[in-house]
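Colleague: This is a predicted model, with the sequence first.
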Amino acid sequence: MANKKILIVDDDEAIHRMVPRAFAKEGFDFVDAFNGREALEFAEREKPDLILLDINMPEMDGNETMKRLQANKATTGIPVIMLTGNGEAIDTVVGYELGVQDYITKPFHLDNLKERVIKVLSGD
């Protein structure tokens with residue numbers, strides 16, 4: 001799975017530090033965005049293999065970002081995993097309705113995140 005590019009979209013800097021460390025042995029490349037607007041720009045320009053997307057962010061939330069990713073021909077096929085503190089059942093339902101491949105609530109275990117990222121990237 002080396003050389004896969006993952007876009008992390010989260011306004012929490014700790015997530016941007018913690019997640020790449022968890023994947024150090026996998027050889028993934030990471031791109032950072034701190035809000036939905038940046039995420040859309042980076043996704044179109046960088047063409048990541050996967051996006052980890054938070055919901056609660058400034059400027060544009062994750063649900064709106066997901067809608068726009070799906071509406072753009074250049075980004076519609078990029079798999080997305082919601083990685084968020086919003087753990088209510090309705091949030092999960094909305095995420096899947098918007099087209100996310102997986103939904104992980106914070107706090108999360110890094111090994112679980114790694115397993116699920118690898119599963120989505122492998123197409124399982």
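Modeller: Arrived safely, thanks for sending. None of the values given here were measured: they were computed from a predicted structure.
Colleague: Surely Thr65 is in contact with Asn56?
Modeller: No: contact criterion C-beta atoms under 8 Å: Thr65 and Asn56 do not qualify, at 11.4 Å. Any C-beta I mention is one placed from the backbone N, CA and C, and that applies to glycine too.
Colleague: the residue most distant from the middle of the protein, which is it?
Modeller: The outermost residue of the chain, judged against the average C-alpha position, is Lys25 (19.4 Å), by C-alpha atoms, centre = their mean.
Colleague: How is it assigned, secondary-structure-wise?
Modeller: Three-state assignment for Lys25 (DSSP: H, G, I helix; E, B strand; the rest coil): helix.
Colleague: For it, which residues are in contact?
Modeller: With C-beta atoms under 8 Å, 6 or more residues apart in numbering as the criterion, no residue contacts Lys25.
Colleague: per-residue confidence at it?
Modeller: With respect to pLDDT, Lys25 scores 86.
Colleague: Who are the packing partners of the host helix or strand of Asn63?
Modeller: Using DSSP states H and E, Asn63 sits in helix 62-71. Helices and strands touching helix 62-71, by 3 or more C-beta pairs under 8 Å, 6 or more residues apart in numbering; DSSP states H and E, are helix 36-46, strand 50-53, strand 80-84, helix 89-98.
Colleague: Quick one, which of these gets closest to Phe108.
Modeller: strand 80-84 (7.1 Å; C-beta to C-beta).
Colleague: Give the residue from Thr65 and Asn56 that has the larger number of neighbours.
Modeller: In this view Thr65 and Asn56 are compared by other C-beta atoms under 10 Å, and Thr65 has more residues nearby, 27 against 13.
Colleague: Centroid-nearest residue for this structure?
Modeller: Computing the C-alpha centroid of the chain and ranking residues by C-alpha atoms, centre = their mean puts Leu52 first, at 1.2 Å.
Colleague: shouldn't it be in contact with Asp10?
Modeller: Yes: Leu52 is within contact range of Asp10, at 7.3 Å (criterion: C-beta under 8 Å).
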